[in-house]
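*Asks:* need a structure here:
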Amino acid sequence: MMSAIHIVCPHCQGLNRSPAERLSDNPVCGKCKQGLLPAHPVELRQSDFARFIEKSDLPVIVDFWADWCGPCKMMAPAFAQAAQQLQGKAIFAKVDTESNPMLSQQFAIRSIPSLLVFKQGREVSRQAGAMPAGQLIQWAQQVIR
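*Replies:* The predicted model follows:
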């Protein structure tokens, strides 16, 4: 018997069910027909953050960043590499703290970049500061188990 998981579409915010065993088959949204598990980080905003975090059964790793932040810019390629390598195991998302100050305040973001991991809508881990790709991937693999 296949177990189903819920995934929020990063394109249209539609809620989808997919057999967990078929995540490597690149499932598509039943509503907009776009890929549910992109191999790159998705942008989240105040308007779609809660639904995306609360309704996704896969862990969601969120990078809180800002365009003016040098370490954020340096870590962006490593974060994208982690999203590609861990595709189907976690969803990687980015929140621009300048465009979404209420989210920064809600999660008490004191320094950037800050990585927060959510499982079933709850924050389960937090890491502040930039990391190289290898360290970021290793950290992500530990927290998404």
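
*Asks:* which SSE is immediately downstream of the top helix by length along the chain?
*Replies:* Longest helix of the chain, by residue count under DSSP state H: helix 70-85. The helix or strand immediately downstream of helix 70-85 is strand 91-96, counting by DSSP states H and E.

*Asks:* hmm, who's touching that next one?
*Replies:* 7, 10, 37, 40-45, 49, 52, 56, 58-67, 79-80, 82-83, 86, 103-104 (C-beta atoms under 8 Å, 6 or more residues apart in numbering). For glycine as for every other residue, the C-beta is placed from the backbone atoms N, C-alpha and C.

*Asks:* now do 6 Å
*Replies:* Under the contact criterion C-beta atoms under 6 Å, 6 or more residues apart in numbering, strand 91-96 has outside partners 41-44, 58, 60-64, 83, 103.

*Asks:* quick one: buried ones out of the residues you listed?
*Replies:* Listed as buried from the contacts of strand 91-96 are 41-42, 44, 58, 60-64, 83, 103; burial here means 16 or more other C-beta atoms under 10 Å.
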